[in-house]
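Peer 1: Take a look and give me a structure for this.
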Amino acid sequence: MQVLNFDASDLQANRNGQISKKQKERLAGEARGEQGCAAVLGLFLLLVAAVGVVLVVAILPTALDSERIFLILGFGVIWPLVWGLTGFGFARRVFVRLKPGAQKVEGPAEVIMTTRKDYNSETNTYGTETFHVLRIGGRTFHVKPSLKSIIQKGDAYVVYFAEFNRKEKQPQVLSAEWLGSTPAILAIPAADAQVVGYLKQGDKLNAIKAHRAVYASSFEEAHAAVEELKSRLGL
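Peer 2: Numbers count the residues shown, from 1 in each chain. So this is what the prediction gives:
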């Protein structure tokens, strides 16, 4: 409860398929912070887009004929189009009302540490970001590292989470409860038969494709589910 920031009243509301008042207030506060950042970034990028137009207006009268096409296409069209659309994409988030819905997933759970490489265009280098994720029932959630010492691999849980109406907003864990210990290898649902078949052939890519076809899952969700199946099957 302490790590995931919920109490008994929150858990009871989540069991009933609802988000508690305290959880709604917390999610709303986080959304306001994200919208504020999106507004500032969107406005900045729109200003950057406008710089291209200003440059064209200022330089075009004195530019050579051979330079005018470059200026018009580069800074008058491409520059404002790229930065303007990017800025508009951020700015529009301010006007999209966040609507969280309570969902749940259950099954064997584990918390793992994973890394992601990010490219820095300014320094032309790659940086590594390390974070922890909770994997359960084919879903993946970003969680605090301290949860790894609490959730033991193979134990079964019910995880209640908030699903949002914006694709870029990742689902957020609301609460969880322990169901008990489970064997390392559980009965595989019939729907996963094709996935298991590909895994036994060592064809992970087609296993992921099969999972996405059956469950309409994202690539990340399918990848996590396939890894979970591999672990359960000892492959």
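
Peer 1: where does this structure have low pLDDT?
Peer 2: Along the chain, segments meeting pLDDT under 70 span 63-66, 96, 118-127, 168, 181-191, 232-235.

Peer 1: All the helices of it, residue numbers only.
Peer 2: 8-15, 21-59, 65-71, 79-91, 193-200, 204-215, 219-233 (DSSP state H).

Peer 1: Reformat the ones you listed as JSON lines; add mean neighbour count and distance to I112.
Peer 2: Backbone N, C-alpha and C define where each C-beta goes, glycine included. As requested, these are exported to JSON lines (neighbours: other Cβ atoms under 10 Å; distance: least, Cβ to Cβ, whole Å):
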{"stretch": "helix 8-15", "mean neighbour count": "17", "distance to I112": "24"}
{"stretch": "helix 21-59", "mean neighbour count": "15", "distance to I112": "24"}
{"stretch": "helix 65-71", "mean neighbour count": "12", "distance to I112": "50"}
{"stretch": "helix 79-91", "mean neighbour count": "17", "distance to I112": "31"}
{"stretch": "helix 193-200", "mean neighbour count": "17", "distance to I112": "18"}
{"stretch": "helix 204-215", "mean neighbour count": "18", "distance to I112": "17"}
{"stretch": "helix 219-233", "mean neighbour count": "19", "distance to I112": "9"}
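
Peer 1: Please produce CSV containing those helices, extended by distance to T128.
Peer 2: CSV is the format used below for the helices of the chain (distance: least, Cβ to Cβ, whole Å):
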stretch, distance to T128
helix 8-15, 34
helix 21-59, 24
helix 65-71, 38
helix 79-91, 25
helix 193-200, 28
helix 204-215, 23
helix 219-233, 18
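
Peer 1: To G154, which of these lies closest?
Peer 2: helix 219-233 (9.0 Å; Cβ to Cβ).

Peer 1: quick one: contacts of the closest one?
Peer 2: 108, 110, 133, 135, 137-140, 184-186, 188, 192, 195-196, 199-200, 204, 207-209, 211-212, 215, 217 (Cβ atoms under 8 Å, 6 or more residues apart in numbering).

Peer 1: got it, and stretch 81-88?
Peer 2: Outside stretch 81-88, the residues within contact range by Cβ under 8 Å, 6+ apart are L41, G42, L43, F44, L45, L46, L47, V48, A49, G52.
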